[in-house]
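Visitor: Predicted coordinates and the sequence they were generated for:
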Number of protein chains: 2
Amino acid sequence: MGAITKNAEAPGERAYRRIRTDILFGRLLPGQKLKLDRLKQDYGVSVSTLREILNRLASERLVLAEGQRGFDVTTVSVEDLREIAALRELLEIHALTESFAAGDDEWEANVVAAHHKLSLMEERMKSGDHSDTETWKRYDWLFHQALISACGSSTLMETHGGVFDKYLRYQMLALSYRGDVAAREHKQLLACALKRDAAKACKILREHIHGGVEHALATGTIG
Amino acid sequence: MGAITKNAEAPGERAYRRIRTDILFGRLLPGQKLKLDRLKQDYGVSVSTLREILNRLASERLVLAEGQRGFDVTTVSVEDLREIAALRELLEIHALTESFAAGDDEWEANVVAAHHKLSLMEERMKSGDHSDTETWKRYDWLFHQALISACGSSTLMETHGGVFDKYLRYQMLALSYRGDVAAREHKQLLACALKRDAAKACKILREHIHGGVEHALATGTIG
DNA sequence: TTATATGATAAAATCAATTTTACCTATTGA
DNA sequence: TCAATAGGTAAAATTGATTTTATCATATAA
């Protein structure tokens, strides 16, 4: 999602993206030991390349690298989810406000386009087709990125991206569907964007994030 | 400074800290090519270990890793400095407010202690002894960390730490002394902390950061 | 029995060697 | 003269091999 992009063709880069999404989408579980020999087979790269990848992920806090004891997938907790959500809120609210104030026609068009793609996916989800959750979540991410894309700070957007991804992991671990509520909120955010109503957008975004947190916690799969 | 700590004795970890501080303190200059063979000699580790380190630093945005063309020290720009400063402000103001509201006696004692160490250093700097800038800046960092340490979110503190370090690099690149003004502001921040006057502390912090930015830009060594 | 030490094993960290990729130069053809 | 391309070189990326470290089981002493 918000991963740092180098050469997409390179084997190391491919493996990095695969491992990263596997963590984000819960195919590699929190706390799981990441043994090098095993991963080497699973992802088809050598130990050195693997270690480069795991060091990057450790730097992103998606993996824990302790002492000389190798690597684990970062654990989850209620406390951490609340911190992640609060930080996402702080960053996204701020960026949203700036973006609404500065966005031009080009920005508006991108927002509309991003919402359209997301909306199509959300319709499909609504009618029971949960086959491509990854694409759905990528579109979700792209819509939120589009909203804040006129904030004027790539540093802010990258930082937000990293936090957003960790938030996403919690949503995926809770793995219970909340698409209908989210879809409505997305529509409301779009409407606010077109009216440049930052205050209302912030209010909806706050509810959007808090709703996600409480929904995730209610499933009881986190703590 | 805010680097991720693993085993401090390990050769790879030692080299990581050295390279990181060399970037932060301008001994490795912005845009500089980081050739593996050269670094191997300079830091006494093998190419694989070196690549792990550079991948971590690339993930922190202190190093640029593009395509299959190796590694460069991240470049600097006026725009980037402004973004970094704005993000530091957003995070630190928020954390400060929370911390002032929640801090207990233990927290106050830590703040006083951190300021005392910094203050001693600042006196030394004032009287012309600029021999240990690194320790000075580490104490600066520790004081600001102490102020926000009761904010209740380690995620927020770590994110802030990363941004703070990039801000620090700009200060070091400008390499012109501003210790007297900063020292006065630090004293004011301490007084605010003891009175729990978050509003005034935020105001001073804003000036503290903006002052640093304008001072750095005035030297003409950034753009 | 408990604590400490010793040795074996498995895994991680580091190193050295190979393969691949990019970059520069020179040469050829338009 | 310029563009395009092929060849050679230097550096990066990846691999496989070696060294180091941690962990677990067993034995020995308090």
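Guide: Okay, I see it.

Visitor: if I pick A:Arg178, what's in contact with it?
Guide: Under the criterion of CB atoms under 8 Å, 6 or more residues apart in numbering or on different chains, the contact list for A:Arg178 reads A:Gly211, A:Gly212, A:His215. From N, CA and C alone the C-beta is placed, and that goes for glycine too.

Visitor: Swap in 10 Å and give it another go.
Guide: By CB atoms under 10 Å, 6 or more residues apart in numbering or on different chains, the contact list for A:Arg178 reads A:Gln171, A:Gly211, A:Gly212, A:Glu214, A:His215, A:Ala216, A:Ala218, A:Thr219.

Visitor: Which of those residues fall in helices?
Guide: With DSSP state H as the criterion, helices contain A:Gln171, A:Gly211, A:Gly212, A:Glu214, A:His215, A:Ala216, A:Ala218 from among these.

Visitor: What's the nearest residue in chain A when you look at DNA strand C?
Guide: The nearest approach of chain A to DNA strand C comes at A:Gly70, 3.0 Å away (CB to the nearest atom of the strand).

Visitor: on that earlier part again, top of the contacts of A:Arg178 by neighbour count?
Guide: Among the contacts of A:Arg178, A:Ala216 has the most neighbours (other CB atoms under 10 Å in any protein chain shown), with 24 neighbours.

Visitor: That one and chain B, how far apart?
Guide: 16 Å (CB to the nearest CB, to the nearest Å).

Visitor: closest to B:Lys126 among the contacts of A:Arg178?
Guide: Distance from B:Lys126 was checked for each of the contacts of A:Arg178 by CB to CB. The minimum falls on A:Gly212, at 50.8 Å.

Visitor: so that closest one touches A:Arg169, yeah?
Guide: No: with contacts defined as CB atoms under 10 Å, A:Gly212 does not count as touching A:Arg169, sitting 12.0 Å away.

Visitor: any shared contact partners between those two?
Guide: Any residue near both A:Gly212 and A:Arg169 by CB under 10 Å, 6+ apart counts here, and that gives A:Leu81.

Visitor: which helix in chain A runs the most residues?
Guide: Residue-count comparison of every helix in chain A, with assignments taken from DSSP H, identifies helix A:78-102 as the longest.

Visitor: shaky segments in chain A?
Guide: Counting by pLDDT under 70, chain A contains low-confidence residues at A:1-9.

Visitor: which outside residues touch stretch A:194-208?
Guide: Residues lying outside stretch A:194-208 but in contact with it, judged by CB under 10 Å, 6+ apart, are A:88-89, A:92-94, A:96-101, A:103, A:108, A:111-112, A:115, A:144, A:147, A:181-182, A:184-193.

Visitor: same thing but 8 Å
Guide: Contacts with stretch A:194-208, where a contact means CB under 8 Å, 6+ apart, come from A:89, A:92-93, A:96-97, A:100-101, A:103, A:108, A:111-112, A:147, A:182, A:185, A:188-189, A:192-193.

Visitor: Check stretch A:26-35 too.
Guide: Looking at what lies outside stretch A:26-35 - CB under 8 Å, 6+ apart - the contacts are A:19, A:21-22, A:54, A:63, A:70-76, A:169, A:172-173, A:175.

Visitor: where exactly do the strands run in chain A?
Guide: With DSSP state E applied, chain A shows strands at A:33-34, A:63-65, A:71-73, listed in chain order.

Visitor: quick one: is the shortest one near DNA strand D?
Guide: No: contact between strand A:33-34 and DNA strand D, assessed by CB under 7 Å from any atom of the strand, is absent, since the two come no nearer than 11.0 Å.

Visitor: Thank you kindly, that will do.
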